[in-house]
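Asks: Task: produce atomic coordinates for the following.
(one chain, ligands or ions: 3)
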Amino acid sequence: MRDQDYMNLAINVAKAGLGQTNPNPVVGAVVVKDGRVVGIGAHLKAGEAHAEVYAIHMAREKAENATIYVTLEPCSHHGKTPPCADLLIKNKVKRVVVATTDPNPLVAGKGIKKLREAGIEVEVGICKASADALNPVFYHYLDKKIPYVTLKSATTLDGKIATVTGESKWITGDAARLDVHLYRSIHDGILVGVNTVLADDPSLTTRLPDGTGKNPIRIILDTSLRTPLEAKVVNDGNAPTWIIVGNQVNREKLNDFQDKPGVRVLQLNEQTLSVNSVLTLLGQEGIASLFVEGGAEINGSFLKEKAINQVITYIAPKLIGGKLAPTSIGGSGIETLGEALQVVIKSVEQLGDDVKIVSEPI
Ligand SMILES: Nc1c(/N=C/[C@H](O)[C@H](O)[C@H](O)COP(=O)(O)O)[nH]c(=O)[nH]c1=O
Ligand SMILES: Nc1c(N[C@@H]2O[C@H](COP(=O)(O)O)[C@@H](O)[C@H]2O)[nH]c(=O)[nH]c1=O
Ligand SMILES: [Zn+2]
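Replies: Ligands and ions are numbered 1, 2, ... in the order given. Sure thing, here's the model as predicted:
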């Protein structure tokens, strides 16, 4: 096996932490001694051990004079956990292969420097692109302190999310809907507008076949607090629900929700909810990744603000037409093609009868 092979193994091990480590990155580590893998590790939860710690502990005395492959520069600061660079030095690791440096100002090359000053051979950049592709959420949230936004829509071939009569269940098939639940399970928050709550009474929980998968925090944009008191999202207690309202909602209306299980009403100091204020608030509340499931009006407001980092589009082989049938993005719309949100198509794949397109704004 070559350096790249061991690093790809570390990258795959890192994926065990996807959706669990925010606001920390997912990280994988593999310890190799005399051509044998003697330790592996992944960071699984912020505040808990780092990937290197698990891998070095598994290697035990074999860590001495070993090579460790780690997808992110070993940390050098005392955060919630002690510095990994010191651990590698203490265990007399001979060589450290790092896929990519850590942009966290607390690290940012200091980990590599500490290792080299201790006489350890450090190589940087092996499989850098694949390692960086693990952590778009970490890089974005570290830099901007607002959530990395994934906008998801599910439409017919002619771009509709429901028929003229409002029927929408279901446009996409089981495979696509399962895929959506996988996304829900790795996101900190899922956001819909109150119109979706009124139309679908959604549960917005993660329902995977084997019953696993954590539930994201359910976030409802609801300027004048029209969420029905009997809605699933405020009664089922399956996940926290945050309702974000404007400053026109009066005190007694706010009090209606105070004894609902896991429900918080967050009041912004503005009449209408601007996307930027919502994202700033959610960032302050520790939401690093946000899954926006619409509907059309909400998607329209995120598009207008260009507050989108990734777009997931599911297209079903159905045609329903209808001038008044809603499309996936409503709102006032962008007037000129020149101002369109230009995206790069990252992948196109078939999921059952549907097509899934992943794209990212340029
Ligand atoms: N109508 C469709 C979707 N519709 C998604 C809606 O916006 C809303 O999120 C769902 O109704 C949520 O329901 P729950 O959380 O599962 O109870 N989304 C899809 O991927 N395919 C479709 O056909
Ligand atoms: N998860 C991870 C690292 N994460 C780095 O450490 C920071 C979190 O430190 P702490 O608060 O102590 O958990 C995080 O922001 C990132 O810069 N570093 C590593 O060496 N290995 C790991 O597995
Ligand atoms: Zn560390």
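
Asks: and the residue nearest the centre of the chain, how far is that from residue 310?
Replies: The residue lying closest to the centre of the chain (CA atoms, centre = their mean) is residue 289, at 3.7 Å. Applying CB to CB, to the nearest Å, the value for residue 289 to residue 310 is 10 Å. Backbone N, C-alpha and C define where each C-beta goes, glycine included.

Asks: shared neighbours, these two?
Replies: Common neighbours of residue 289 and residue 310 are listed as 148, 150 (criterion: CB atoms under 8 Å, 6 or more residues apart in numbering).

Asks: got a list of what the residue nearest to the centre of the chain touches?
Replies: Counted by CB under 8 Å, 6+ apart, residue 289 has contacts 19, 22, 137, 141, 147-148, 150, 186-189.

Asks: Low-confidence ranges, the stretch 101-250 of the chain, go.
Replies: For the stretch 101-250 of the chain, applying pLDDT under 70 flags no range at all.

Asks: Ligand 2 contacts on the chain?
Replies: Neighbours of ligand 2 within the chain, by CB under 6 Å from any ligand atom: 24-25, 27, 43, 46, 50-52, 72, 74-75, 79-81, 84, 102, 104, 107.

Asks: Tell me how far residue 241 lies from residue 23.
Replies: 21 Å.

Asks: actually residue 255, not the one I wrote
Replies: Taken as CB to CB, the span from residue 255 to residue 23 is 32 Å.

Asks: Which one's more surrounded, these two?
Replies: residue 23 (16 against 10; other CB atoms under 10 Å).

Asks: what sits against that one?
Replies: 46, 138, 141-142, 286, 288.

Asks: ok, how many other residues are close to residue 78?
Replies: Neighbours of residue 78 (other CB under 10 Å): 10.

Asks: scratch that, residue 64 is what I was asking about
Replies: 12.

Asks: Please name the residues that touch the closest residue in space to it that isn't next to it in sequence.
Replies: Take residue 64 and drop its neighbours on the chain: the residue closest to it by CB to CB, 6 or more residues apart in numbering is residue 92, 4.4 Å away. With contacts defined as CB under 8 Å, 6+ apart, residue 92 is in contact with 63-65.

Asks: circling back: in strands, which of the residues of the chain next to ligand 2 fall?
Replies: Residues of these located in strands (DSSP state E): none.

Asks: show me which of those residues neighbour ligand 3.
Replies: 50, 75, 84 (CB under 5 Å from the ion).

Asks: pretty sure the second one is touching residue 49, no?
Replies: Spelled out, that is residue 75. No. Look at residue 75 against residue 49 with CB atoms under 8 Å: they stay out of range, at 11.6 Å.

Asks: Specify which residue of those two has the higher count of neighbours.
Replies: residue 75 (25 against 20).

Asks: Do you know the pLDDT at the more buried one?
Replies: As predicted, residue 75 sits at a pLDDT of 97.

Asks: At which residues are the strands of the stretch 151-300 of the chain located?
Replies: The residue ranges that make up the strands of the stretch 151-300 of the chain, judged by DSSP state E, counting those that start in this stretch, are 189-193, 217-221, 241-245, 263-267, 289-292.

Asks: can you tell which of the ones you listed is closest to ligand 1?
Replies: strand 189-193 (5.9 Å; CB to the nearest ligand atom).

Asks: Contacts only, for residue 29.
Replies: Per CB under 8 Å, 6+ apart, neighbours of residue 29: 10, 13, 39-42, 50-52, 54-56, 68-71.

Asks: quick one: which of those has the most company?
Replies: Highest count within the contacts of residue 29 by other CB under 10 Å belongs to residue 71, 33 neighbours.

Asks: picking that back up, so the residue nearest to the centre of the chain bridges to which residues?
Replies: residue 148 (DSSP bridges).

Asks: Now do the residue in the stretch 251-362 of the chain positioned nearest to ligand 1 against ligand 2, distance only.
Replies: Residue nearest to ligand 1 within the stretch 251-362 of the chain (CB to the nearest ligand atom): residue 293, separated by 4.3 Å. When CB to the nearest ligand atom, to the nearest Å is the yardstick, residue 293 and ligand 2 sit 28 Å from each other.

Asks: Just the pLDDT at the residue nearest to residue 64, thanks.
Replies: 98.

Asks: before we move on, the earlier item: which of the ones next to ligand 3 among the residues of the chain next to ligand 2 sits closest to residue 264?
Replies: Using CB to CB, residue 50 comes nearest to residue 264 of these, at 31.4 Å.

Asks: I'd guessed that closest one sits against residue 81; true?
Replies: Yes. Between residue 50 and residue 81 there is a contact at 5.7 Å, judged by CB under 8 Å.
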